[in-house]
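# Turn this into a model:
(chains A and B)
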Amino acid sequence: MPENILVCTAWPYANGDLHIGHLAGAYLPPDIFARYHRLKGNNVLMVSGSDSHGTPITIRADAEGISPRELFERYHLRFLETFQQIGVSYDLFTHTDTENHYRVAQDIFTACLNNGYLYRKTEQQFFSETEGRFLPDRYIEGTCPHCGYDGARGDQCDNCKKLLEPTDLINPRSKTDGSTPVLRETEHFYLDLPKLSDQILAYLSENKEHWRPQVINFSLQYVKDGLKGRPITRDIDWGIPIPLEGYPEKRLYVWFEAVIGYFSASIEWARNQGRPEQWKDWWYDPAAKTYYFIGKDNIPFHTVIWPAELIATGRRLYEDDPAKQLNLPYDVPANEYLNMEGKKLSTSRNWAIWAPDLLERYDPDPIRFYLTVIAPETRDTDFTFEDFIRRNNDELVAAWGNLVNRVLGFAYKRFDGKVPPIGPAGLDEADRQILAEVEAGFETVGDLLAAVRLKAALEEVMRLTRAANVYLDGKAPWHQIKEDPAAAGTSIYVALRVIDNLKILFAPFLPFTCQKLHEYLGYDGQLFGRQYTQTFTETERTHVALCYDHSQAVGRWEPGRLPEGQPLRKPAPLFKKLEPELAEQEIARLLEA
RNA sequence: GCUGAUGUAGCUCAGUCGGUUAGAGCACGGAACUCAUAAUUCCGGGGUCGGUGGUUCAAGUCCACCCAUCAGCACCA
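Model (predicted):
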């Protein structure tokens, strides 16, 4: 029976382009995972969207003299472009500025309030009279009381690294206009995490054997250290209003509402499908599995705070059956960080490879291949252009691209452009063995993918690819064809069957070139569905979203039955070799940028 | 500073419950082959498993301490 698999990915903050760290850590892994499950015939729902709220967006919009909405929409559209180019196949990639998301976030707030998991607290906060708004800690500067450094931020001193309260600062001033802020009283809503602590601990303590050790250890420690209430409202005007009378100037704090996007986007997707209740297949079916792909900096928000919000909501919303409960995260396969040329990626220091830029110069599949090979699954890893080029040339092209090219080229030239028939002698031991070995890959590779061990899964496919090269060298059809053309035909038939199966095993990782191979082998149809953007109109606002239609996809996670005599299409190499000199050029580009 | 993770071959990384002589790919050396993008295949060299100490018949694996790197430490999300 098909499983219901919900694939959630971190909501990219829409104030800048995506870089390779985002792709390797949070966007490519879930896409590979989702594509596998779709091939497997499971019901996949993959959702996310742009995080459009928060102070950094308002600050940057102010600096550019445009509205926050204009700013985030610019980057939102660029995300859509990037995801289409590299093939991150969201069923729905929306954003948090939709009316739907507003409503769902407000309903969750209300449920938390009614269930007694919110409380109010008044405190003193710095207010900028010139800007007419409260200032977040990190937008206040002043002199550090510990070391005397003048550029200390309200949350931490960059010089002595001590953590600060903004009221600790000597001569505090606004970072944006240098004015002196004044203290003013303000009341905020807090999520009562201490009250939820036992329930969160219970959730984290059962059936977590499949979680990555760093994720579960960190989360348990986080809770055991003692949770404190967290404010979930802020005094800004950009964001989701509080659904209560008397708080017109307050908005839901981003961290509270952004994670709700997983839920609201599922609801939006169902409505877009014209089946408004279908989201319940993933959220209320206790057998459904929900996965959250994020970077390590985001762990507590997905393993502690999002479950806390769901529990505080009573684990039930838009559902009358009291027996039903909203699913808490089944797995949170958080990744570590990807460094570049030995140094941490940094937007402010412009030490990053931006996805739109990289995709201008390289094909998507080699990028997907390399970013999977070096994916930071268990530790920080390093992207270098030298390594990218070498792995492209010496692994992807040499082992897989060349295998495809030599087999297809030989078949096309020597067997009249058709899949040759099995000769009268039938299949021998070597033929049967390589076929069986590669067919077994559907289980071994599939198990690794299902366990989110994507690097190990790709490695296993590469191992099978090497085995196929060994088979081919053992048979040497270029010799056989001189003595016994029918035997050569058998070998080439077997080799074609093998690459036909490898095509599916590689497809979650390399969807674009596997589609090409599918066509060279003489098949019609698309292995995967179609990605497209669509504009949706609600009552007042419209938004553009990335969508995916799997209904016409023909790819199946099972051994193929390549018909003898099937006409092939004229083959061409799937991949290009890259000049080693490119590495120096790329580094020069980085340094001058 | 506190909490957690990571450290294994030249490079990138696997190593399950403690169990034979520590693995893979790439790179490197030699050979075979020529269908293929000089790709492929076979053979080979290469490691004090970050350090010190401990537990054990047995430690890459468990424990303690130390060193290095990374993350979190609650108003960035």
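# C-terminal to the element among helices and strands of chain A having the smallest mean pLDDT, what's the next element?
Taking mean pLDDT, DSSP states H and E as the measure, chain A has strand A:152-153 as its least confident helix or strand, at a mean of 74. Using DSSP states H and E, the helix or strand that directly follows strand A:152-153 along the chain is strand A:170-174.
# what pLDDT, on average, does that next one get?
Strand A:170-174 carries an average pLDDT of 82.
# That one pairs with which strands, parallel or anti?
Strand pairing for strand A:170-174, using DSSP bridges, gives strand A:140-143 (antiparallel).
# quick one, phi psi at the residue in the stretch 51-200 of chain A that RNA strand B sits nearest to?
At 2.6 Å from RNA strand B, A:Asp137 is the closest residue in the stretch 51-200 of chain A, using C-beta to the nearest atom of the strand. For glycine as for every other residue, the C-beta is placed from the backbone atoms N, C-alpha and C. Here is the backbone geometry of A:Asp137 (degrees, to the nearest 10): phi -50, psi -40.
# how about it, what does it touch?
A:153-155, A:165-166 (C-beta atoms under 8 Å, 6 or more residues apart in numbering).
# So which of those residues would count as near RNA strand B as well?
Contacts with RNA strand B are made by A:154-155 out of those, judged by C-beta under 7 Å from any atom of the strand.
# rewinding a little: partner strands of the least confident helix or strand of chain A, parallel or antiparallel?
Here, using DSSP bridges, strand A:152-153 pairs with strand A:140-143 (antiparallel).
# what's the average pLDDT for the strand it pairs with?
Strand A:140-143 comes out at a mean pLDDT of 81.
# A:Ile240 - nearest residue in space that isn't next to it in sequence?
The spatial neighbour of A:Ile240 that comes closest, neighbours along the chain excluded (C-beta to C-beta, 6 or more residues apart in numbering), is A:Leu252 at 4.4 Å.
# ditto for A:Ala425
Distance criterion C-beta to C-beta, 6+ apart; nearest residue to A:Ala425, sequence neighbours excluded, is A:Ala487 at 6.5 Å.
# Count the neighbours of that neighbour for me.
Residues contacting A:Ala487 under the criterion other C-beta atoms under 10 Å number 19.
# now A:Thr122
Neighbours around A:Thr122, by other C-beta under 10 Å: 9.
# check contacts around it.
Neighbours of A:Thr122 in contact, by C-beta under 8 Å, 6+ apart: A:185-188.
# Can you tell me which of the residues you listed are buried?
Buried members of the contacts of A:Thr122, scored by 16 or more other C-beta atoms under 10 Å, are A:186, A:188.
# List just the nearest of the contacts of A:Thr122 to A:Gly87.
A:His188 (42.2 Å; C-beta to C-beta).
# can you confirm that closest one is in a helix?
No: A:His188 sits outside any helix when classified using DSSP: H, G, I helix; E, B strand; the rest coil, being strand.
# what's the distance between it and A:Phe263?
Relative to A:Phe263, A:His188 is positioned 23 Å away (C-beta to C-beta, to the nearest Å).
# Quick check: A:Ile504 touching A:Gly555?
Yes: with contact defined as C-beta atoms under 8 Å, A:Ile504 counts as touching A:Gly555 (6.4 Å).
# Overlap in contacts, those two.
With contacts defined as C-beta under 8 Å, 6+ apart, the residues shared by A:Ile504 and A:Gly555 are A:39, A:527.
# Could I get the full set of strands for the stretch 301-450 of chain A?
For the stretch 301-450 of chain A, strands defined by DSSP state E, counting those that start in this stretch occupy the ranges A:338-340, A:381-383.
# So for RNA strand B, which of the ones you listed sits nearest?
RNA strand B lies closest to strand A:381-383 among those, at 2.6 Å (C-beta to the nearest atom of the strand).
# So which bits of the closest one are buried?
Across strand A:381-383, burial judged by 16+ other C-beta under 10 Å covers A:381, A:383.
# who's in contact with it?
Taking C-beta under 8 Å, 6+ apart as the rule, strand A:381-383 contacts A:20, A:24, A:336, A:338-342, A:353, A:370-371, A:374-375.
# Looking at those, state which has the most neighbours.
The member of the contacts of strand A:381-383 that has the most neighbours, counting by other C-beta under 10 Å, is A:Ala24 with 27 neighbours.
# Next, the contact list for it, please.
Residues in contact with A:Ala24 (C-beta under 8 Å, 6+ apart) are A:335, A:338, A:371-372, A:374-376, A:383.
# isn't there a strand covering A:Val544?
Yes: using three-state DSSP, the assignment for A:Val544 is a strand.
# so it makes contact with A:Thr98?
No: contact between A:Val544 and A:Thr98 fails when scored by C-beta under 8 Å: they sit 10.8 Å apart.
# how far away is the most far-flung residue of chain A relative to its centre from A:Gly148?
In chain A, counting by C-alpha atoms, centre = their mean, A:Glu483 sits farthest out from the average C-alpha position, at 52.9 Å. A:Glu483 is 88 Å from A:Gly148, where distance means C-beta to C-beta.
# if we can go back for a sec, in CSV: the strands of the stretch 301-450 of chain A, plus mean pLDDT.
Putting the strands of the stretch 301-450 of chain A into CSV (pLDDT from 0 to 100) gives the following:
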stretch, mean pLDDT
strand A:338-340, 83
strand A:381-383, 84
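# ok, back up a step: need the pLDDT of the residue farthest from the centre of chain A.
The model reports A:Glu483 with a pLDDT of 90.
# ok, it - contacts?
Here A:Glu483 is in contact with no residue (C-beta under 8 Å, 6+ apart).
# measure it to RNA strand B for me?
Note on A:Glu483: its distance to RNA strand B, by C-beta to the nearest atom of the strand, to the nearest Å, is 12 Å.
# about what we covered before: switch the contacts of strand A:381-383 over to JSON lines; also include distance to A:Met46.
Putting these into JSON lines (distance: C-beta to C-beta, whole Å) gives the following:
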{"residue": "A:Ile20", "distance to A:Met46": "20"}
{"residue": "A:Ala24", "distance to A:Met46": "17"}
{"residue": "A:Glu336", "distance to A:Met46": "22"}
{"residue": "A:Leu338", "distance to A:Met46": "21"}
{"residue": "A:Asn339", "distance to A:Met46": "27"}
{"residue": "A:Met340", "distance to A:Met46": "27"}
{"residue": "A:Glu341", "distance to A:Met46": "31"}
{"residue": "A:Gly342", "distance to A:Met46": "33"}
{"residue": "A:Ile353", "distance to A:Met46": "24"}
{"residue": "A:Tyr370", "distance to A:Met46": "22"}
{"residue": "A:Leu371", "distance to A:Met46": "18"}
{"residue": "A:Ile374", "distance to A:Met46": "23"}
{"residue": "A:Ala375", "distance to A:Met46": "18"}
